[in-house]
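J.: Okay, predicted coordinates and the sequence, questions at the end:
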Amino acid sequence: MLKNSPILLHIYKILQYFDAGKAEAKFKEHHLKQLVNASHKKKMGSLDDLKSYMRKYVHIGGWLLAKSKITQDIFNRFFWKGLPKTLHHRVENRLLQRDPTLDLSQPFVFDDVVKAVEHVLHRDHFDNEDFDSDNSDSDEVETLIKKLGSMTI
């Protein structure tokens, strides 16, 4: 009875044009690499910056990992690479402080890196006042120093 109904025939026609395989292929590894490269170049000076990066990373990387498109090692490695170089040294020191026997030939575990970055960027740190966060201020200071250096007394 329903086999030849106009509604089902219409649905079958739609399904012929709908590429279900394409709808399933949400992300590819190059999408994760693009995010990592973009994030690596940005400043990450606050927990808000970290959380923003994590949301984007887990959205893409977590999907790829869940679909077995990438391995756990690649997931961990790319997360680390997405952190700005300025943070790498401090975060690595924190990781080694927590586990001196850490194997540096393997990518750091995602959760451990997140905890270390949170520690490094902790909001309530006593010297967390953002004196030099504005690049224009540092540019003005450099200009002033150059002017003072060229002055004669």
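T.: That came in fine, so what should we check first?

J.: helix or strand right after the lowest-mean-pLDDT helix or strand in the chain?
T.: One helix or strand of the chain scores below all others by mean pLDDT, DSSP states H and E: helix 20-24, with a mean of 56. With elements assigned by DSSP states H and E, the helix or strand that comes after helix 20-24 is helix 29-41.

J.: Show me what the very next helix or strand once past that following helix packs onto, helices and strands only.
T.: Following helix 29-41 in sequence order, the next helix or strand is helix 47-57 (DSSP H and E). Counting contacts by 3 or more C-beta pairs under 8 Å, 6 or more residues apart in numbering; DSSP states H and E, the secondary-structure elements packed against helix 47-57 are helix 29-41, helix 72-82, helix 110-120. C-beta coordinates here come from the backbone N, C-alpha and C atoms, glycine included.

J.: Enumerate the positions of helix 47-57 that are buried.
T.: 49-50, 53-54, 56-57 (16 or more other C-beta atoms under 10 Å).

J.: swap in stretch 97-110?
T.: Along stretch 97-110, these residues count as buried under the neighbour rule (16+ other C-beta under 10 Å): 107-110.

J.: Show me which of these is closest to residue 32.
T.: Nearest to residue 32 among those is residue 110, at 13.0 Å by C-beta to C-beta.

J.: pretty sure the closest one is touching residue 82, no?
T.: No - look at residue 110 against residue 82 with C-beta atoms under 8 Å: they stay out of range, at 11.0 Å.

J.: OK, contacts around residue 108?
T.: Residues near residue 108 by C-beta atoms under 8 Å, 6 or more residues apart in numbering: 76, 80, 92, 95, 102.

J.: contacting residues around the third one?
T.: Just to be clear, that refers to residue 92. For residue 92, the contact set (C-beta under 8 Å, 6+ apart) comprises residue 108.
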